[in-house]
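**Student:** mind folding the following:
(4 chains)
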Number of protein chains: 2
Amino acid sequence: MATRIRTERRADALSKARIVEAAIEILDADGESALTFRALATRLATGAGAIYWHVADKHDLLAAATDHVIAGVMAKVATGSDPREAIRTLALGAFDAIDAHPWMGGQLSSDPWQYAVLRILEGIGGQVQALGVREGEQFNAATALMNCILGLAAQYAAAERLPRDADRSAYLAVIAAHWMQLDPAQHPFVRQVAAQLADHDDREQFLAGVNLILGGIETVR
Amino acid sequence: MATRIRTERRADALSKARIVEAAIEILDADGESALTFRALATRLATGAGAIYWHVADKHDLLAAATDHVIAGVMAKVATGSDPREAIRTLALGAFDAIDAHPWMGGQLSSDPWQYAVLRILEGIGGQVQALGVREGEQFNAATALMNCILGLAAQYAAAERLPRDADRSAYLAVIAAHWMQLDPAQHPFVRQVAAQLADHDDREQFLAGVNLILGGIETVR
DNA sequence: ACCTGAACACCGTTCAAGT
DNA sequence: ACCTGAACACCGTTCAAGT
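**Tutor:** Below is the predicted model of the structure:
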């Protein structure tokens, strides 16, 4: 009986995993606009069309890249312990991941049922149960919590994407100055908080937001 | 003394306002991918390059379109009354606006200090003050509330963008069936809530999320 | 089965030339 | 000052042809 001969794969053979890895490297190094099929093909030393054998299209590629990063984050999140502490850890994990890979911000909001989102929902859902939320409210509470976390993370991560360190406070000072020039009659609140803009910490503010929702969830226990 | 003669503008002269209006029509009718400078130029019966006289680039165009819609929403939001009720009205206004103009979802998350976001922050900030939040917490509370609202609205609006009405429950049934096929050991929560997916109401769930944050804000009063 | 790379049908943006 | 539209430098995606 003839056994089907399986030709040995070259060590550097293309695969979805290798493509996704290379895509993430490009995205992290030079941003979303740098990820083109041509740049990816060059980096992988192949033709542009070859990528389409492993990946449906660019949307699929971005979703796979996002899922790869999120899978890593969720694997690291410690379970057990206090559910509220676990949710905070998970939220900070999402924040730091989006901060490190800003291109995920838009991706996570664009497709509510991509697998990466499902992973997060599962992680949060388990903690919501552990928190003792009534069963009928669990779906609502978990999606609300997740969507708030993703929303907060995307916004604050987008803010973090702006100039860093030394340039950062100068940049924020310019924005604050711009806010101060607004019509006081129309923008009293924004003018009032402009002073706090320069030295606020996005990560801290993010965590304050998460705590706010956690406080609200106590209500539906 | 010679008076400068100002040549009469043609009634249909180009202006940023007219360009933004046409852009919104294209975006609403055929989605984000349909908005090209060529399509816009054709609709405005002009050359593609003419648009650049009034608009810096595509990013500027999207920001201006978003600001135009949000300005309309904020103008309609009733002030006075109960601050919590006002926040709910404002949140639902944002939800309905993103639902009606789904292309705004990504836009609002991408640039945290665009003018449209400032308008929303101002509206929310005023209510947060009226709610009696301590002054040192107002900035945190207002940005958290706004970012949650934008995050929730973007997610739920993205979900709403999917098939409507008759097709909708069929579509959700397919997703729920897909969830049920997941490994029970790895996805117990998602499997458990899959049953609730088919007949949930995104708008209602959004409002539940907003109420959750409002509940949390009571804490920092 | 998997890869190659030229070709197709587009884009956003620029700019010399017009009025 | 404002508009025209061809031209430039790209894209994502397809597909006949190769191995």
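
**Student:** distance between the ends of stretch A:101-120?
**Tutor:** 16 Å (CA to CA, to the nearest Å).

**Student:** anything in it near chain B?
**Tutor:** Yes - using CB under 8 Å from any CB of the partner chain, stretch A:101-120 comes into contact with chain B via A:105, A:106, A:109, A:110, A:111, A:112, A:113, A:118. Using the backbone N, CA and C atoms, a C-beta is placed for each residue, glycine as well.

**Student:** find the helix or strand that the residue of chain A found nearest DNA strand D is a member of.
**Tutor:** When scored by CB to the nearest atom of the strand, chain A has residue A:49 as its residue closest to DNA strand D, at 2.8 Å. Per DSSP states H and E: residue A:49 is located in helix A:48-51.

**Student:** need the contact partners of that helix.
**Tutor:** The contact list for helix A:48-51 (CB atoms under 8 Å, 6 or more residues apart in numbering or on different chains) reads A:14, A:19, A:37, A:38, A:40, A:41, A:44, A:61.

**Student:** turn those residues into a markdown table, including secondary structure, distance to residue B:182 and pLDDT.
**Tutor:** Output for the contacts of helix A:48-51, formatted as a markdown table (DSSP: H, G, I helix; E, B strand; the rest coil; distance: CB to CB, whole Å; pLDDT from 0 to 100):
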| residue | secondary structure | distance to residue B:182 | pLDDT |
| --- | --- | --- | --- |
| A:14 | coil | 28 | 92 |
| A:19 | helix | 25 | 98 |
| A:37 | helix | 31 | 98 |
| A:38 | helix | 36 | 97 |
| A:40 | helix | 30 | 98 |
| A:41 | helix | 34 | 97 |
| A:44 | coil | 31 | 97 |
| A:61 | helix | 23 | 98 |
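
**Student:** residue A:114: neighbouring residues, count only.
**Tutor:** 18 (other CB atoms under 10 Å in any protein chain shown).

**Student:** which phi and psi does the closest residue in space to it that isn't next to it in sequence have?
**Tutor:** Leaving aside its sequence neighbours, residue A:114 sits nearest to residue A:63 (CB to CB, 6 or more residues apart in numbering or on different chains; 5.0 Å). Main-chain dihedrals, residue A:63, degrees, to the nearest 10: phi -60, psi -40.

**Student:** what count of nearby residues applies to residue A:63?
**Tutor:** With other CB under 10 Å as criterion, residue A:63 counts 21.

**Student:** for chain A, which segments count as helices?
**Tutor:** Secondary structure of chain A (DSSP state H): helices at A:16-30, A:37-43, A:48-51, A:58-76, A:83-100, A:104-110, A:115-130, A:135-160, A:165-180, A:188-197, A:202-217.

**Student:** so which residues make contact with the first one?
**Tutor:** Meaning helix A:16-30. A:12, A:34-35, A:39-40, A:43-44, A:51, A:54-55, A:61-62, A:64-65, A:68-69, A:100-101, A:103.
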